[in-house]
Structure formats: C-alpha cells, structure tokens
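In: predicted model and sequence follow; I will ask about them next.
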Amino acid sequence: MAKIKGAVTVETERCKGCNLCVVACPCQVLDLQKKEVNNRGYHFAYMAQPDKCIGCASCALVCPDGCVEVYKVVEK
C-alpha cells in the first residue's frame, strides 16, 4: 500500500521569519534557519525534519505572506 507524506516548500526570499508556520506545525517539521538570512535580512523557515511531515498544510494556512506551499507525495 502506498504511503502519503507531505512536502513543504518555502519561498525563502519572501519569508520574513515570523515563526507562525513553525508554531502551527503539529509535527515540529519546520524551524527557522539559525545561521543563514535571506536578501532582506530575515532568518527564513525551512524543513528541519522532512520525514515527519504529514501534509496537513497548517503551516501554509497561517503564513501571512503566502510563502509556504504544501504538497502530498505518494511513496510506494
């Protein structure tokens, strides 16, 4: 049986590091980049633990700038 997982993409150059997506994630998949910043000087969100993503899209729903997209991936 195929297993469905989630995949999150973040438009890092638009992300302002507000941390809302990190807090909204029930599986603690996202985190803010600690050492890198984007062109605007913000620490951006990224998938810290991609294997835990269930594709619920809570992160995308709370993002005020629409920087987060969630996809469902079928693993065979």
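Out: Noted; the coordinates are in hand.

In: put the alpha carbons of stretch 64-76 into PDB.
Out: Written as PDB, here are the backbone C-alpha positions of stretch 64-76 (Å, rounded to 0.1, in the frame of the first residue of the first chain):
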ATOM      1  CA  PRO A  64       0.600  35.900   6.300                       C
ATOM      2  CA  ASP A  65       2.700  36.300   3.200                       C
ATOM      3  CA  GLY A  66       1.800  33.100   1.300                       C
ATOM      4  CA  CYS A  67       5.400  31.900   1.300                       C
ATOM      5  CA  VAL A  68       4.600  28.300   2.200                       C
ATOM      6  CA  GLU A  69       3.300  25.600  -0.100                       C
ATOM      7  CA  VAL A  70       2.500  22.000   0.900                       C
ATOM      8  CA  TYR A  71       2.400  19.000  -1.400                       C
ATOM      9  CA  LYS A  72       1.300  15.500  -0.900                       C
ATOM     10  CA  VAL A  73       3.800  12.900  -2.000                       C
ATOM     11  CA  VAL A  74       3.000   9.200  -2.600                       C
ATOM     12  CA  GLU A  75       5.700   6.800  -1.600                       C
ATOM     13  CA  LYS A  76       5.500   3.300  -2.900                       C
END
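
In: how about the helices in this structure?
Out: In the chain, the segments counted as helices under DSSP state H are 20-24, 58-62.

In: helices and strands around the first one, which ones?
Out: Taking 3 or more Cβ pairs under 8 Å, 6 or more residues apart in numbering; DSSP states H and E as the contact definition, the neighbouring helices and strands of helix 20-24 are strand 30-32, helix 58-62. Where you see a C-beta, it was placed from the backbone N, CA and C, and this is true even at glycine.

In: ok, the closest residue to Val74 other than its chain neighbours to Ala57 distance?
Out: Closest residue to Val74 in three dimensions, ignoring its sequence neighbours and counting by Cβ to Cβ, 6 or more residues apart in numbering: Ala2, at 4.9 Å. Counting by Cβ to Cβ, to the nearest Å, the gap between Ala2 and Ala57 amounts to 19 Å.

In: what about the two, which has more around it?
Out: The residue with more neighbours, out of Ala2 and Ala57, is Ala57; 16 against 7, by other Cβ atoms under 10 Å.
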